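> I'll drop the sequence and a predicted model, then ask my questions.
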Amino acid sequence: MYRLKEDHMDEFEIKKSRFLCYLHRCNSEEEAKTFINKIKKEHPNARHHCYAFIIGEQNEIQRSNDDGEPAGTAGVPMLECLMKHQMQDIVAVTVRYFGGIKLGAGGLIRAYAKSVSHALASACLTRKQKMFVYTLHFPYHLIGKMDYLFRTHDIEVSDKQYEENAVYTYLCEHPLDDEISEITNGAYLPVFIKECIIDVELQGVKTDLTAS
């Protein structure tokens with residue numbers, strides 16, 4: 001499942017109608033409705049303010065609204081787009097400034113789905129990932145090798161203490177026991193501290209999201 005890292009907006013035009021899609025991360029239906037009302041106040045002259053949101057660990061809260069568009073042509077395709085891209089804890093509000101040319105039911109469905117898919121494609125997304133926290137004690141003369149090891153494996157060292165030995169606390173999926181054992185000749189190995197869940201920023205997912 002994917003989540004939105006920060007608020008995002010994307011805009012495009014179809015047959016002189018402007019579609020502005022606002023994305024917001026939320027943890028409750030009340031928070032989603034507050035955001036929807038905020039966007040409505042920012043665009044009082046728009047013809048429509050359609051929305052969809054998915055909230056909950058099991059996506060148990062799902063709502064959509066066509067806001068005056070023909071039934072099923074706006075909120076539903078927006079919701080389906082969020083579900084298709086496995087989004088969670090998110091509200092999408094698409095503001096439409098009518099350009100005078102009717103799009104028809106099929107055109108509206110495609111336009112509102114596109115508004116969400118394009119916004120997701122350019123937004124910064126995250127996903128939950130299980131990680132493990134370790135500490136490692138080792139002699140000072142190995143600091144250069146250890147720093148190189150962590151850097152090449154793209155592992156973040158969250159804390160460094162310099163006591164009798166160097167003490168690194170780090171987060172990773174795998175403890176690197178074999179690599180560390182080789183560097184220290186088996187004299188020093190990481191110690192497991194705890195398990196945690198973090199949000200990992202996604203890179204490369206955006207291309208996949210452009211299809212709708």
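Received it, and whenever you're ready, just let me know what you need. Numbering: from 1, shown residues only.

> Could you look up the next helix or strand downstream of the helix or strand Leu120 falls within?
Leu120 belongs to helix 104-122 when elements are defined using DSSP states H and E. Later in the chain than helix 104-122, the nearest helix or strand by DSSP H and E is strand 125-138.

> Any chance you could list what contacts that following strand?
Contacts to strand 125-138, defined as Cβ atoms under 8 Å, 6 or more residues apart in numbering, come from residues 1-5, 146, 158, 165-173, 175, 180, 184, 188-202, 205-206. From N, CA and C alone the C-beta is placed, and that goes for glycine too.

> so what does the helix holding Leu120 touch, helix or strand wise?
Packing contacts for helix 104-122, counted by 3 or more Cβ pairs under 8 Å, 6 or more residues apart in numbering; DSSP states H and E, involve strand 8-14, strand 17-25, helix 75-84, strand 90-97, helix 205-209.

> neighbouring strands for the second one, and are they parallel or not?
Meaning strand 17-25. strand 8-14 (antiparallel), strand 90-97 (antiparallel) (DSSP bridges).

> now these as CSV including distance to Ala105?
Output for the strands paired with strand 17-25, formatted as CSV (distance: least, Cβ to Cβ, whole Å):
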stretch, distance to Ala105
strand 8-14, 14
strand 90-97, 15
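
> still on that earlier bit, mean neighbour count, the helices and strands packed on helix 104-122: which tops it?
Each of these was scored by mean neighbour count; the highest is strand 90-97, a mean of 26, by mean count of other Cβ atoms under 10 Å.

> separation between the closest residue in space to Tyr51 that isn't next to it in sequence and Arg110?
The shortest distance from Tyr51 to any non-neighbouring residue, by Cβ to Cβ, 6 or more residues apart in numbering, is to Val93 (4.5 Å). Plainly put, Val93 is 18 Å away from Arg110 if you go by Cβ to Cβ, to the nearest Å.

> cool, and Ala92?
Counting by Cβ to Cβ, the gap from Ala92 to Arg110 is 16 Å.

> okay, now Gln58: neighbour count?
7 (other Cβ atoms under 10 Å).

> The residue nearest to Tyr51 and Thr184, how far apart?
55 Å.

> can you give me the mean pLDDT across stretch 196-209?
Regarding stretch 196-209, the rounded mean pLDDT is 63.

> Same question for stretch 67-77.
Mean pLDDT, stretch 67-77: 96.

> ok, and what's touching that stretch?
Contacts of stretch 67-77 (Cβ under 8 Å, 6+ apart): 47-52, 64-66, 94, 96, 105, 108-110, 112-113, 116.

> Just the CA trace of that stretch, in CSV.
C-alpha atoms of stretch 67-77 as CSV (Å, rounded to 0.1, in the frame of the first residue of the first chain):
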residue,chain,number,x,y,z
ASP,A,67,-20.8,17.2,-6.7
GLY,A,68,-23.3,17.9,-9.5
GLU,A,69,-21.7,15.9,-12.3
PRO,A,70,-23.8,13.1,-13.7
ALA,A,71,-24.0,10.2,-11.2
GLY,A,72,-20.9,7.9,-11.3
THR,A,73,-18.9,10.1,-13.7
ALA,A,74,-16.6,11.8,-11.2
GLY,A,75,-16.2,10.6,-7.6
VAL,A,76,-16.4,6.9,-8.5
PRO,A,77,-13.7,6.9,-11.2
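
> Tell me the buried residues in it?
Residues of stretch 67-77 classed as buried by neighbour count (16 or more other Cβ atoms under 10 Å): Asp67, Glu69, Thr73, Ala74, Gly75, Val76, Pro77.
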